[in-house]
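Visitor: Build me a structure from this.
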Amino acid sequence: MAENNWTKFTVTADFNVDMRSVYTAWTTPAGLESWFLRKADFYTITGRLRESHESVLKEDTYEWYWHGFDDSAVEKGAVLEVNSIDFFKFTFSDDTIVSVSLESRNGLTILELTQENIKEEPDPSKNLFVQCQVGWTFYLANLKSILEGGIDLRNKRMDIGSNFK
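Guide: Next comes the predicted model:
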């Protein structure tokens, strides 16, 4: 029996919309804020804040803010690759790397997201492998919901928080 590789995972999703719409949802601040983040700030290599509908470029840095959390919960990272068509790669939590690739197949846009460089944890339930895979699964479902039906599944209320205790 093969051992699990807790350092990398891939999730896929299909979208009944054109590839450009999915790509723009990943590579513009406004796009990311429509389905994923409360606020997505990208900075050019010279430090200029990108406009909301401006596409990100390689070597941009970012500060991302989540619904349900105040501004002290910020994710900082950098754009590693972007090709303006079907590929986007960036750093993410705890020095991991996320790659998003798109292709058209049978009238659908197919998205494949891979997160790698995940540090191994003695308890896999505390590993980013588990936490991020659950998170990406939800957010990809939300992206599908937004693009295909306009319904946002995120909790945006600070008074409820993120854990619904």
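
Visitor: Would you check how far apart residue 75 and residue 41 are?
Guide: According to Cβ to Cβ, to the nearest Å, residue 75 stands 11 Å off from residue 41. No exception for glycine: its C-beta is placed from N, CA and C like everyone else's.

Visitor: of those two, who's got more company?
Guide: Neighbours per residue, other Cβ atoms under 10 Å: of residue 75 and residue 41, the larger number sits with residue 41, 17 against 14.

Visitor: Tell me if that one really is in a strand.
Guide: Yes: membership of residue 41 in a strand is supported by DSSP: H, G, I helix; E, B strand; the rest coil.

Visitor: what about the closest residue in space to it that isn't next to it in sequence, how many residues close to it?
Guide: In this structure, residue 41 finds its nearest non-sequential neighbour in residue 63, 4.6 Å apart by Cβ to Cβ, 6 or more residues apart in numbering. If you count neighbours by other Cβ under 10 Å, residue 63 ends up with 16.

Visitor: Which per-residue confidence value corresponds to residue 63?
Guide: Looking at residue 63, its pLDDT stands at 98.

Visitor: ditto for the one 4 residues further on
Guide: The predicted structure scores residue 67 at 90 on the pLDDT scale.

Visitor: Distance of it relative to residue 84?
Guide: With Cβ to Cβ as the criterion, residue 67 and residue 84 are 28 Å apart.

Visitor: which of the two has more neighbours?
Guide: residue 67 (16 against 12).

Visitor: For the longest helix anywhere in the chain, list every residue counted as buried.
Guide: Using DSSP state H, we find that the single longest helix of the chain is helix 128-149. Within helix 128-149, the residues scored as buried using 16 or more other Cβ atoms under 10 Å are 128-130, 132-133, 136, 139-140, 142-144, 146-147.
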